[in-house]
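Trainee: The following comprises the amino acid sequence and a computationally predicted model.
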Amino acid sequence: MKILIVGGGGREHALVWKIAQSPMVKKVFCAPGNPGIAEIAECVDIDAENIDGLYNFALKHKIDLTVVGPEDALIAGIVDRFREGHLQIFGSTKRASAIEGSKVFAKTLMRKHGIPTADFKVFEDIKQAKKHMTTCEFPLVIKADGLAKGKGVFICKTPEEANKHLDDIMRDKIFGHAGDRVVVEEFLSGEEVSILAITDGNTLLPLSSVQDHKAAYDGDKGPNTGGMGAYSPVPLITEQLQFSIEENILVPVIHAMKRENRPYTGVIYAGLIITSTGPKVLEFNARFGDPETQVLLMRMKSDLVPILLSAEKNTLENAGIEWNDGTSLCVVMASKGYPDLYEKGFPISGLETTRKLTHVQVFHAGTSMKDGKIVTNGGRVLGVTTLGKDLQEAQQAAYGAIEKLSFAGAHYRRDIGGKAMHRKN
């Protein structure tokens, strides 16, 4: 088989790494890819949102299966275009991807179909939003409606903070048209986890539990990011809790999408908070998470390709997943200043050394080649991912590998996996 992966970040590097191991696969392409991906696949200079270019490439090169990483391509309709041309592609359609593309749509869907989530109101007018907040209890949460690269959610502890973020989103348009509408919702207390599942629209194949670390700094301080690290599995998620999440959230949302004439295929990602009254949905995403994908694929013993094909061919009821024992953990090395302004172009050292480490994979998230050297080219630069017999071993291996890597201004959290460690102690 010939496989095309769409995207060029850490998630896509992990997908290429895993898919290239399949005995079913003869050749892997990645568009646009990155220097890390280029070591194991052929990178193609086509942007992830250039749907016509990607379609024509897949047609010309007789690609057997295309796997979509970024949400932008899904929301732009890449799956619809490929299926119209009878090309196999793994992902959600444009209409189905609205579950991530519009928080207003997702929240309204959950309210209509009884899927547990925070109470909320939607506003298109900033004055009405500010007036509403004079009646609210704090903290509260403000979310930009559209895509904001994981940065459009603000926990506001005071009315002053809330007004500032509303001004940023709706008046100053820091997220462009993604901020034309906002969701103002109640703040939920609890611990956050992610549960991803692969679906063909009828059958659901849940993946293992993951805990992401969204905040930029240790102790969950600082602004939200696209994710500073993750680990899997999550001790908090017992078999009983996993069953509850599947029965009350994952299965109902797939049925809800079907009833709304938006049949859902691909990956459904539920960002959850485990409250005192049970799991509730913070957000849905329409694709593999980042850095969740890195730790999940590090742990996955099964061949991923047959699973993706089963989802595409509507035969997922025959599929299953076997996991490696132990824990996988990923620590993101980011550029100084991320998620706000940061500089690019700094040489990265130590990559050759980390290649020799066992049970360690350094996935490239924001890198490029300059004068024959790999340099920083994004906010999140590397995802140092490990597999250990337990959380402590995986954590030690990740931070040990990080000591061998360096670039100017490198920033990373030093407490990835800490919540689970404290719970065990």
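Mentor: Yep, it's here.
Trainee: From the chain's centroid, how far away is stretch 98-116?
Mentor: Relative to its chain's centre, stretch 98-116 lies at 18 Å (C-alpha atoms, centre = their mean, to the nearest Å).
Trainee: ok, and what's touching it?
Mentor: 71, 74-75, 92, 117, 120, 122, 143-147, 181, 183, 185, 248-249, 252-253, 255-257, 259-260, 262, 264, 268, 278-281, 283-287 (C-beta atoms under 8 Å, 6 or more residues apart in numbering). C-beta: built from backbone N, CA, C; applies to glycine.
Trainee: Can you give me the buried ones in that stretch?
Mentor: 98-107, 109-110, 115-116 (16 or more other C-beta atoms under 10 Å).
Trainee: same question, stretch 81-92
Mentor: Neighbour-count burial for stretch 81-92, counted by 16+ other C-beta under 10 Å, picks out Arg81, Phe82, Leu87, Gln88, Ile89, Phe90, Gly91, Ser92.
Trainee: got it, and stretch 293-310?
Mentor: Residues 293-300, 303-305, 307-310 are the ones in stretch 293-310 that count as buried (16+ other C-beta under 10 Å).
Trainee: do stretch 194-213 as well
Mentor: 194-201, 203-213.
Trainee: And for stretch 160-178?
Mentor: For stretch 160-178, by 16+ other C-beta under 10 Å, it's Glu161, Ala162, Asn163, His165, Leu166, Asp168, Ile169, Met170, Ile174, Phe175, Ala178.
Trainee: now swap in stretch 271-288 and tell me
Mentor: Within stretch 271-288, the residues that qualify as buried are 271-274, 279-288, counting by 16+ other C-beta under 10 Å.
Trainee: can you tell me the distance between the two ends of it?
Mentor: One end of stretch 271-288 to the other measures 12 Å (C-alpha to C-alpha, to the nearest Å).
Trainee: With stretch 292-312 instead?
Mentor: End-to-end distance of stretch 292-312: 22 Å, with C-alpha to C-alpha as the criterion.
Trainee: Can you pull out the low-pLDDT segments for the stretch 301-425 of the chain?
Mentor: 423-425 (pLDDT under 70).
Trainee: hmm, back to that, please narrow the buried residues of stretch 98-116 to those residing in helices.
Mentor: Mapping the buried residues of stretch 98-116 onto helices (DSSP state H) picks out Ala98, Ile99, Glu100, Gly101, Lys103, Val104, Phe105, Ala106, Lys107, Leu109, Met110.
Trainee: so which two of the buried residues of stretch 98-116 are the farthest from each other?
Mentor: Gly101 and Pro116 (21.7 Å; C-beta to C-beta).
Trainee: returning to what we had before: quick one: which of the buried residues of stretch 160-178 is nearest to Ile155?
Mentor: If you rank those by distance to Ile155 using C-beta to C-beta, Glu161 comes first, at 8.5 Å.
Trainee: For the closest one, which non-adjacent residue is spatially closest?
Mentor: Using C-beta to C-beta, 6 or more residues apart in numbering and skipping residues adjacent in sequence, the residue nearest Glu161 is Phe154, 7.6 Å away.
Trainee: for the record, mean pLDDT for the host helix or strand of that neighbour?
Mentor: Using DSSP states H and E, Phe154 sits within strand 153-156. Confidence for strand 153-156, expressed as mean pLDDT, is 92.
Trainee: Against which helices or strands is the following helix or strand past that strand packed?
Mentor: Sequence-wise, the next helix or strand downstream of strand 153-156 (DSSP H and E) is helix 159-166. Packing partners of helix 159-166 (3 or more C-beta pairs under 8 Å, 6 or more residues apart in numbering; DSSP states H and E): helix 126-133, strand 140-144, strand 153-156.
Trainee: what sits up against helix 159-166?
Mentor: Contacts of helix 159-166 (C-beta under 8 Å, 6+ apart): Ile126, Ala129, Lys130, Met133, Thr134, Phe138, Leu140, Ile142, Phe154, Cys156, Val182.
Trainee: Show me which of the residues you listed is closest to Lys344.
Mentor: Phe154 (26.0 Å).
Trainee: give me the beta-bridge partners of the closest one?
Mentor: Per DSSP bridges, the residues bridged to Phe154 are Ile142.
Trainee: List the buried residues in stretch 135-146.
Mentor: Neighbour-count burial for stretch 135-146, counted by 16+ other C-beta under 10 Å, picks out Cys136, Leu140, Val141, Ile142, Lys143, Ala144, Asp145, Gly146.
Trainee: What residues does the most centrally placed residue in the chain make contact with?
Mentor: Taking C-alpha atoms, centre = their mean, the centroid of the chain lies closest to Gly289, which sits 1.8 Å from it. Counting by C-beta under 8 Å, 6+ apart, Gly289 makes contact with Arg11, Ser194, Leu196, Val210, Asp212, Gly227, Ala230, Tyr269.
Trainee: gap between the fifth one and Asp168?
Mentor: The spacing between Asp212 and Asp168, counted by C-beta to C-beta, to the nearest Å, is 24 Å.
Trainee: Quick one: residues contacting the closest residue to Thr386 other than its chain neighbours.
Mentor: Spatial nearest neighbour of Thr386, excluding adjacent residues (C-beta to C-beta, 6+ apart): Ala397 at 4.0 Å. By C-beta under 8 Å, 6+ apart, the contact set of Ala397 is Leu329, Leu357, His359, Val360, Thr386, Leu387, Gly388.
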